[in-house]
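> Requesting a structural model of the entry that follows:
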Amino acid sequence: MMMKANETSLFRRDFTLVVIGQIISLFGSAILRFALPLYLLRQTGSAQLFGAVGAAAFIPAVLCSPVGGVVADRVNKRNVMVSLDFFTAALMLAFTFLLGKVPLAPLMVVCLMLLYGIAGAYQPAVQASIPLLAGPEQLTGANAVINMVNTLSGLLGPVIGGVLFGAFGIRPILWVSIGCFALSAVMELFIRIPHRPLGAGGGVLSTVRRDLGESWRFIRRERPVFLSVVLVLALFNLVLSAALIVGIPVAVVQVLGMSDGRLGLTQGGMGLGGLAGGLLAACLGKRLRLRRGGVLLLAASLTAAGMGLALLPGVPASVGYWGVTAMSFAIMILSTMLVVVLSAAVQGQTPPELLGKVMAFIMAVSNCASPLGQALYGALFERRPAWAVLLGAAAAAALTAAYSRKAFCRLDTGERGS
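Sure, this is the predicted structure:
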C-alpha cells in the first residue's frame, strides 16, 4: 500500500529536484528582469527607449523557442537545463565586468536578448519533462506547481530586487543572480528524466527544419484548433500583455513618482497573484475547464481598465499606486489559471515525442506579437497619458476575449476541426 502511494505521489525525487532547480533559477531570472530594465529606465528616463529595448530583447525568445522545442525532444532535457543555467551564469559574469566600461544601451540590449533567448530555449525542456515525471491524472497539478514556482520567483525576485537596487544599486543583484544560476545548474545534474534518443539524420538546420515541419503537420492535420487558440493568445499579448510590461514600470516610477522599492512591491504583488492563481488551479483541478478561458480573459481586460482608472488625473498618487498594485495582483491570478489549464489541455492531446516542439510552437507564435506591442506602447506612453493608453488596451483586449470563446471550447472538448 505504501508503494502504491509513493508511485502515485507527484512529489517524487526527480520532479522535486526539477521544482527546486526552477525555484533557484527563476529567482535569479526574476531579479534580473526587474532590475536591468529599471536600471535602464532610471539612467535614461525614456519610456520609448525602455519599450524599444524590451521589444528587441523579446525577439530572441520567440526565435529560440522553436529551436528549444526541437532540442528538448532530441536531447536529454536535464542536460539542456544544466547547460543553459551554466551559460547564463557565465553571461551575467561577463555583463558585470563590462558594466560601466561600454555604452549602456547596446550592452543592455545584447544582455537582455541573450537572457530572453536562453529562456525561450529553456522553457520547452521544462514543459516537455512534466509528462515524463507526472502521470496523466497529475498533469494539471504538475503544471500548477511549475507555474506556482514561476510566480513565486516572480513574487520574491522584484521585492528583494527592489530592496537591493534601492539600497546598493545594480551590482549586488548581478552577483546574486550569478550564484542562483550556478547553484541551479549543479542541482539539476542529479535529475533523472527518461530519454529516448532520436537520430538527427542530418545537420542542425535540416534537423530543426524537419522537426518543426513535423510539429506543424501534426497541428494542421490533427489539432488545427491549436492554431485558433494560438491566434487568441498572440492578439492578447499584443494588445494587453505588452501594455502591462511597459506600462506598469512607467506608471509606478514616472507617472506616480514612486520609489524602486514600491515598484518591486507592485511586481512582487504580480508574483503573489500568480501564486494564488496556481493554488486555485491546483485546488480546482478538473473542475477548472478551458471552456471558461474567454471569461478569464474578459475579467483580465476589465481589471486592466481598473488600472487605467487608478491613474486618472485627480486621483491621489498613493491611491493610484495601490490601485495599480491590486489590479496587477488580480490580472496575474486570472492569467495563471488560464496558462495552467491551457498547458494541461495541450499536453493531454499531444504525443510525447512531439510535445516539446508543439509547446515551443505555441509559445513562439503566441509571443511573436509581444515585441511589436512593447515598441508600440513605449511610444504611446511617451506621447499619451498612461490612463488613456491602458483604457484603450483594455478595450482591445475585451474584444479579443469575446473572439476567444469558441476556440477555447473546441480545445476543451478535444475537437480536431479548426
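
> Check the burial of the residue lying closest to Phe190 once chain neighbours are set aside by counting its neighbours.
Nearest residue to Phe190, sequence neighbours excluded (C-beta to C-beta, 6 or more residues apart in numbering): Leu17, at 6.1 Å. (C-beta placed from N, C-alpha, C; glycine too.) Number of residues near Leu17 (other C-beta atoms under 10 Å) recorded here: 19.

> next one: Ala185
Applying other C-beta under 10 Å, I find that Ala185 has 21 neighbouring residues.

> State the distance from the residue nearest to Phe190 to Lys77.
Leu17 is 12 Å from Lys77, where distance means C-beta to C-beta, to the nearest Å.

> so which strand or helix has the residue nearest to Phe190?
According to DSSP states H and E, Leu17 maps onto helix 13-44.

> now for that helix, which elements pack on it?
helix 47-74, helix 77-98, helix 104-133, helix 139-168, helix 171-188, helix 242-249, helix 260-284 (3 or more C-beta pairs under 8 Å, 6 or more residues apart in numbering; DSSP states H and E).

> Minimum distance to Leu312: which of those has it?
Proximity to Leu312 (C-beta to C-beta) singles out helix 242-249 among those, at 14.4 Å.

> got the angle for the closest one vs helix 13-44?
With axes from the mean of the first three to the mean of the last three C-alpha atoms, to 10 degrees defining the directions, helix 242-249 sits at 60 degrees from helix 13-44.

> quick one: helix 242-249 to helix 260-284, angle?
Per the same axes, to 10 degrees, the angle that helix 242-249 makes with helix 260-284 is 140 degrees.

> Just the C-alpha atoms of helix 242-249, please, in CSV.
The C-alpha atoms that make up helix 242-249 are tabulated as CSV, following Å, rounded to 0.1, in the frame of the first residue of the first chain:
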residue,chain,number,x,y,z
ALA,A,242,2.7,44.2,-23.9
ALA,A,243,0.9,47.3,-22.5
LEU,A,244,1.4,46.0,-18.9
ILE,A,245,5.0,45.0,-19.4
VAL,A,246,5.8,48.6,-20.4
GLY,A,247,3.0,50.4,-18.6
ILE,A,248,3.4,49.2,-15.0
PRO,A,249,7.0,50.4,-14.5
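
> tell me which helix or strand of this structure sits lowest on mean pLDDT?
Within the chain, no helix or strand scores below helix 2-8, which has a mean of 41 by mean pLDDT, DSSP states H and E.

> Val250 against Gly45, yeah?
No. The pair Val250 / Gly45 is not scored as a contact, 10.6 Å apart, by C-beta atoms under 8 Å.

> So if I had to pick from those two, which one is more boxed in?
Val250 (20 against 11).

> Could you pull up the residues touching the more buried one?
Residues counted as contacts of Val250 (C-beta atoms under 8 Å, 6 or more residues apart in numbering) are 41, 47, 50, 381, 386.

> can we see that at 10 Å?
Contact partners of Val250, counting by C-beta atoms under 10 Å, 6 or more residues apart in numbering, are 41, 47, 50-51, 256, 377-378, 381-382, 386, 389.

> next one: Thr303
Per C-beta under 10 Å, 6+ apart, neighbours of Thr303: 240, 326-335, 394, 397.

> try 8 Å
327, 330-331, 334.

> Setting the sequence-adjacent residues aside, check what's closest to the residue minimising distance to the centre of the chain.
The C-alpha lying nearest the average C-alpha coordinate of the chain belongs to Asn150 (C-alpha atoms, centre = their mean; 8.0 Å). Closest residue in space to Asn150, ignoring its immediate chain neighbours: Leu26 at 5.7 Å, by C-beta to C-beta, 6+ apart.

> pLDDT at the one you found, what is it?
We have a pLDDT of 82 for Leu26.

> pretty sure it is touching Asn147, no?
No. At 10.8 Å, Leu26 and Asn147 do not qualify as touching, with contact defined as C-beta under 8 Å.

> Give me the pLDDT value at the nearest residue to Gly166 once chain neighbours are set aside.
Once flanking residues are discounted, Gly166 sits nearest to Asp260: 4.2 Å by C-beta to C-beta, 6+ apart. With respect to pLDDT, Asp260 scores 78.

> how close does Asp260 sit to Val246?
17 Å.

> Please say which of those two ends up with more neighbours.
Val246 (29 against 22).

> how far off helix 77-98 does the helix holding Leu17 point, in degrees?
Using the same axes, to 10 degrees: helix 13-44 against helix 77-98 is 20 degrees.

> Which residues belonging to the helix or strand containing Ala395 are considered buried?
Using DSSP H and E, the element containing Ala395 is helix 386-412. Of the residues in helix 386-412, 386-387, 389-394, 396-398, 400-401, 403-405, 407-412 count as buried by neighbour count, 16 or more other C-beta atoms under 10 Å.

> Then stretch 363-382?
363-371, 373-378, 380-381.

> same question for that stretch, mean pLDDT?
Stretch 363-382 comes out at a mean pLDDT of 82.

> List phi and psi for Gly100.
phi 90, psi -10 (degrees, to the nearest 10).

> Contact partners for the residue nearest to Phe190?
Counting by C-beta under 8 Å, 6+ apart, Leu17 touches 187-188, 190-191.

> Redo those residues as JSON lines? Include pLDDT, distance to Pro106 and neighbour count.
Shown next, in JSON lines, are those (pLDDT from 0 to 100; distance: C-beta to C-beta, whole Å; neighbours: other C-beta atoms under 10 Å):
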{"residue": "Met187", "pLDDT": "84", "distance to Pro106": "34", "neighbour count": "20"}
{"residue": "Glu188", "pLDDT": "82", "distance to Pro106": "32", "neighbour count": "26"}
{"residue": "Phe190", "pLDDT": "82", "distance to Pro106": "39", "neighbour count": "12"}
{"residue": "Ile191", "pLDDT": "80", "distance to Pro106": "37", "neighbour count": "22"}
